[in-house]
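Q: fold the following for me, if possible:
(chains A, B, C and D)
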Protein chains: 2
Amino acid sequence: MKQVSIKQVAELAGVSIATVSRCLNEPSRVREKTRLRVQDAIVRTGYEPNTLARNFRRGRTNLIMVVLPSVGDPFFTEVLQGIRSVVDAEGYSLIISETQFNTMNADEVGAMLVTRQADGVILLASVFPFGGEVLTRAKRRGQPIVIGCETLSAALADFPSVHIDNIRAAREATEHLLGLGHRRIAFVTAGAGSPLTRDREEGYREAMAAAGETVRPGWVVEGGLSLEGAIRATGDLLTHPERPTAVFCGNDEMALGAMHAIHQDGLNIPGDLSVMGFDDIRYAATASPTLSTIAQPAREIGRRVARRMLNAIDGGPDASARRGEPEIVPHRLVLRNSVAPPPD
Amino acid sequence: MKQVSIKQVAELAGVSIATVSRCLNEPSRVREKTRLRVQDAIVRTGYEPNTLARNFRRGRTNLIMVVLPSVGDPFFTEVLQGIRSVVDAEGYSLIISETQFNTMNADEVGAMLVTRQADGVILLASVFPFGGEVLTRAKRRGQPIVIGCETLSAALADFPSVHIDNIRAAREATEHLLGLGHRRIAFVTAGAGSPLTRDREEGYREAMAAAGETVRPGWVVEGGLSLEGAIRATGDLLTHPERPTAVFCGNDEMALGAMHAIHQDGLNIPGDLSVMGFDDIRYAATASPTLSTIAQPAREIGRRVARRMLNAIDGGPDASARRGEPEIVPHRLVLRNSVAPPPD
DNA sequence: CTGAAAGCGCTTACAG
DNA sequence: CTGAAAGCGCTTACAG
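A: Below you'll find the model as predicted:
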């Protein structure tokens, strides 16, 4: 069945296709009588504009690509909701690309950027080498890039970004633990290749150093951002000769894994060990015990990232090339029941 | 900066644009010597095919739209991963539309179907009235529709679908509780408008009836598929004059909320109350206590749905119109520590 | 306010 | 194996 095109509408209405097009795009520039006739023809033919033709003609897709580790991480889910709440209203849809914890390499992401036409790309995560080559290509095609949540790499430092002060937040969380009397504090990172918890680890190390505490070998373990990875990593921590009294996790997902590992060992939280998370995902407040953590304004980050993207798209190459100052949004230390002073 | 088109490549290589196009799409039909010259010209001009033009010409976008309640629900996250694992390899990207627990009405979803060009639509959830009008339009445009996870509504019964036997699974879960000696068993649904837990509720009611147990008014409460909703709903359950000894939740997300509410009341799980979930999301195994639940093969559902979609797209209108028998995949009752016999 | 016409960048029969 | 040419469905200066 052939799809109805603008041509048959024009014929039926007895006008030119230009007029039909105008009725659709700038109705105010068409005489009412004509407009009504065209409206009628549209209804009677069952005409629906061909988005592909329109996109082609306009050189835009109204599609924004979002690159993130996993939509399954509740933190990114919330950021995504923030993004969506802004772009939906402007008629944009989202193409979501998951890097799945760095199993996807830079070439693949690059290929996606290049082949799939998107009006812009939001990077909430990066893959390890994420080269400058991809970036220059994107720039050349006028695809704006906006970065959320993390300073991803030196090559990306020039792009507009929105995130909390991760270093400071992690320092504050660590200081809180130190303030309660903990001295043996462990840290669960994402892993070597991932920039996602790098700043947080730095904040942790800064606070430990400032307090004169040594980070023993084996106290910083890799949880791979996942529940399972954190369970394994925490297992290692629990058999450490100088077993930590507190575990600070690079994100809440890993904190939930850590709590599970600790419970499995028959230990009590926070009686035997304290656990601190990062992100304040929705499960943090309902975990048992409830999880102390750093709250990030996830939705707000999403909204701001989206607004910058929309500006860049509208503003054309100028706006997209404009070296944006990073926008720093506030974080908050949320104290719940997973943290207490160390056992004597 | 003007983008390089096929024309300048042709010029530089001294061939026609048809030949350049062939090099890209059917290289075997071009003499090697010519092909090499074109290759060279492509590299030297930095040519990248214009996807918009290509899509327009071919009448395809290589985009599949997925409609689901929320990407944040770990169950749907996994289904999505299954879908992705199949379509990625075929060069498709996903446009994801979240209905956000039925706050979006059918018209909006319909508009998305109609305006955004997608080669097909996967419905993992529906909105309440989801009319036949949208469906016929989609059919008219040859957009295949495949349904995952649930029998959504009578109007959608004709479309190919993949899901577990929800009624039977819920019956088995309820029977297990009954077998342990529970008689006062509550059920937490999504809510009136949502079809998502309807079959599960039916299974629960069937099992109760078969055991000769009456479902008291107030034992079936609405949790809205969310953590917060389930906390509220469970709160009501705990003040019921005939307080249940077991709570069967329509999904794991709500079960986690129920567990939190019960803990908040100072009650013990499973000592005072048993909790049963549905889905087996990744947090079920790490919750405290670990959650007994019905496991759905989420990834497998995603993979199968995706394969049917791909077939429908390739097969053209015939395949898409073919009334598909629903594919039933196996579920599994997973027993962990949140369920025990009732207190005496 | 409306129409005739060019053109966006590609693909694809049709010839040769 | 290659080229000339039509055409996909729309938008947009340019005239009138």
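Q: what's the longest helix seen in chain A packed up against?
A: Counting residues, the longest helix found in chain A (DSSP state H) is helix A:298-321. For helix A:298-321, the elements it packs on are helix A:74-87, strand A:120-123, strand A:145-148, strand A:161-164, strand A:327-329, judged by 3 or more CB pairs under 8 Å, 6 or more residues apart in numbering or on different chains; DSSP states H and E. To be clear about C-beta, it is placed using only N, CA and C from the backbone, and glycine gets the same treatment.
Q: low-confidence ranges in the stretch 201-344 of chain A?
A: Of all residues in the stretch 201-344 of chain A, those with pLDDT under 70 make up the ranges A:315-324.
Q: how about a cut-off of 90?
A: Counting by pLDDT under 90, the ranges of the stretch 201-344 of chain A that qualify are A:225, A:311-327, A:344.
Q: what does it put close to chain B?
A: If contact is defined as CB under 8 Å from any CB of the partner chain, the residues of the stretch 201-344 of chain A in contact with chain B are A:227, A:231, A:256-257, A:259-260, A:263, A:282-283, A:285-288, A:317.
Q: circling back: just the residues contacting the longest helix of chain A, thanks.
A: The contact list for helix A:298-321 (CB atoms under 8 Å, 6 or more residues apart in numbering or on different chains) reads A:64, A:75-76, A:78-87, A:90, A:92, A:119-120, A:122, A:124, A:139, A:142-149, A:160, A:162-164, A:279, A:322, A:324, A:327, A:329, B:1.
Q: re the thing from before, looking at the helices and strands packed on helix A:298-321, which is buried most?
A: Mean neighbour counts were taken over those using mean count of other CB atoms under 10 Å in any protein chain shown, and the top value, a mean of 27, falls to strand A:145-148.
Q: got the residues of chain A near DNA strand C?
A: Within chain A, the positions adjacent to DNA strand C are A:14-19, A:22, A:29-31, A:33-35, A:56-57 by CB under 7 Å from any atom of the strand.
Q: now A:S70: closest residue in space that isn't a chain neighbour?
A: Residue nearest to A:S70 in three dimensions, not counting chain neighbours: A:E98, with 5.3 Å by CB to CB, 6 or more residues apart in numbering or on different chains.
Q: the one you found pairs with what?
A: Here A:E98 sits in beta bridges with A:L68, going by DSSP bridges.
Q: who's in contact with it?
A: A:67-71, A:104, B:81, B:84.
Q: which ones are touching the residue positioned nearest the centre of chain A?
A: In chain A, the C-alpha closest to the average C-alpha coordinate belongs to A:L124, at a distance of 3.5 Å (CA atoms, centre = their mean). By CB under 8 Å, 6+ apart, A:L124 lies in contact with A:66-69, A:76, A:79, A:147-150, A:305.
Q: do the same with A:D265
A: Counted by CB under 8 Å, 6+ apart, A:D265 has contacts A:L238.
Q: what separation is there between it and DNA strand D?
A: Between A:D265 and DNA strand D the computed distance is 64 Å (CB to the nearest atom of the strand, to the nearest Å).
Q: likewise A:I167?
A: With distances taken as CB to the nearest atom of the strand, A:I167 is found 46 Å from DNA strand D.
Q: that residue: which element?
A: helix A:166-179 (DSSP states H and E).
Q: so what touches that helix?
A: If you take CB under 8 Å, 6+ apart as the criterion, helix A:166-179 is touched by A:150-151, A:185, A:199-204, A:206-208, A:211, A:213, A:246, A:248, A:274, A:276, A:278, A:293-294, A:331, A:333, A:335, A:339.
Q: one step back: from the residues of chain A next to DNA strand C, which two are the most distant?
A: By the measure CB to CB, A:K33 and A:F56 form the most distant pair in these, at 31.7 Å.
Q: any chance you could map the strands in chain A?
A: Applying DSSP state E to chain A gives strands spanning A:63-68, A:93-98, A:120-123, A:145-148, A:161-164, A:185-189, A:220-222, A:246-249, A:274-276, A:293-295, A:327-329, A:332-334.
Q: Throw those strands into TSV and include distance to DNA strand D, thanks.
A: Written out in TSV, the entries for the strands of chain A read as follows (distance: least, CB to the nearest atom of the strand, whole Å):
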stretch	distance to DNA strand D
strand A:63-68	17
strand A:93-98	17
strand A:120-123	19
strand A:145-148	25
strand A:161-164	31
strand A:185-189	49
strand A:220-222	51
strand A:246-249	51
strand A:274-276	53
strand A:293-295	44
strand A:327-329	32
strand A:332-334	46
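Q: would you list these in a markdown table and tack on distance to B:E48?
A: Putting the strands of chain A into a markdown table (distance: least, CB to CB, whole Å) gives the following:
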| stretch | distance to B:E48 |
| --- | --- |
| strand A:63-68 | 16 |
| strand A:93-98 | 18 |
| strand A:120-123 | 15 |
| strand A:145-148 | 17 |
| strand A:161-164 | 26 |
| strand A:185-189 | 37 |
| strand A:220-222 | 38 |
| strand A:246-249 | 42 |
| strand A:274-276 | 47 |
| strand A:293-295 | 42 |
| strand A:327-329 | 32 |
| strand A:332-334 | 45 |
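Q: what's the span of stretch A:335-344, first residue to last?
A: Stretch A:335-344 has its terminal residues 21 Å apart, counting by CA to CA, to the nearest Å.
Q: so A:T245 sits against A:H182, correct?
A: Yes: between A:T245 and A:H182 there is a contact at 5.2 Å, judged by CB atoms under 8 Å.
Q: and the residue lying closest to A:P326 once chain neighbours are set aside, what are its bridge partners?
A: The spatial neighbour of A:P326 that comes closest, neighbours along the chain excluded (CB to CB, 6+ apart), is A:S161 at 4.6 Å. Beta-bridge pairing of A:S161, defined through DSSP bridges, involves A:I147.
Q: now for A:A287: which residues touch it?
A: Applying CB under 8 Å, 6+ apart, one finds that A:A287 lies in contact with A:256, A:259, A:338, B:287-288.
Q: which one of these has the most neighbours?
A: Neighbours here mean other CB atoms under 10 Å in any protein chain shown. Within the contacts of A:A287, the largest count is held by B:A287, at 29 neighbours.
Q: now it: how far from B:S5?
A: With the distance defined as CB to CB, to the nearest Å, B:A287 ends up 57 Å from B:S5.
Q: what of A:P342?
A: Between A:P342 and B:S5 the computed distance is 67 Å (CB to CB).
Q: and A:S288, by the same measure?
A: Counting by CB to CB, the gap between A:S288 and B:S5 amounts to 61 Å.
Q: also A:M208?
A: Between A:M208 and B:S5 the distance, using CB to CB, works out to 58 Å.
Q: next: A:K33.
A: Counting by CB to CB, the gap between A:K33 and B:S5 amounts to 41 Å.
Q: okay, these two: which has more neighbours?
A: Summary of the neighbour comparison: A:K33 and B:S5, criterion other CB under 10 Å, with B:S5 having more neighbours (16 against 8).
Q: which phi and psi does the more buried one have?
A: phi -110, psi 170 (degrees, to the nearest 10).
Q: and A:T214, how many neighbours?
A: 11.
Q: also the one 10 residues further on?
A: A:G224 is surrounded by 20 other residues when neighbours are defined as other CB under 10 Å.
Q: I figured it hits A:V188, correct?
A: No: here A:G224 lies out of contact with A:V188, judged by CB under 8 Å, at a distance of 9.4 Å.
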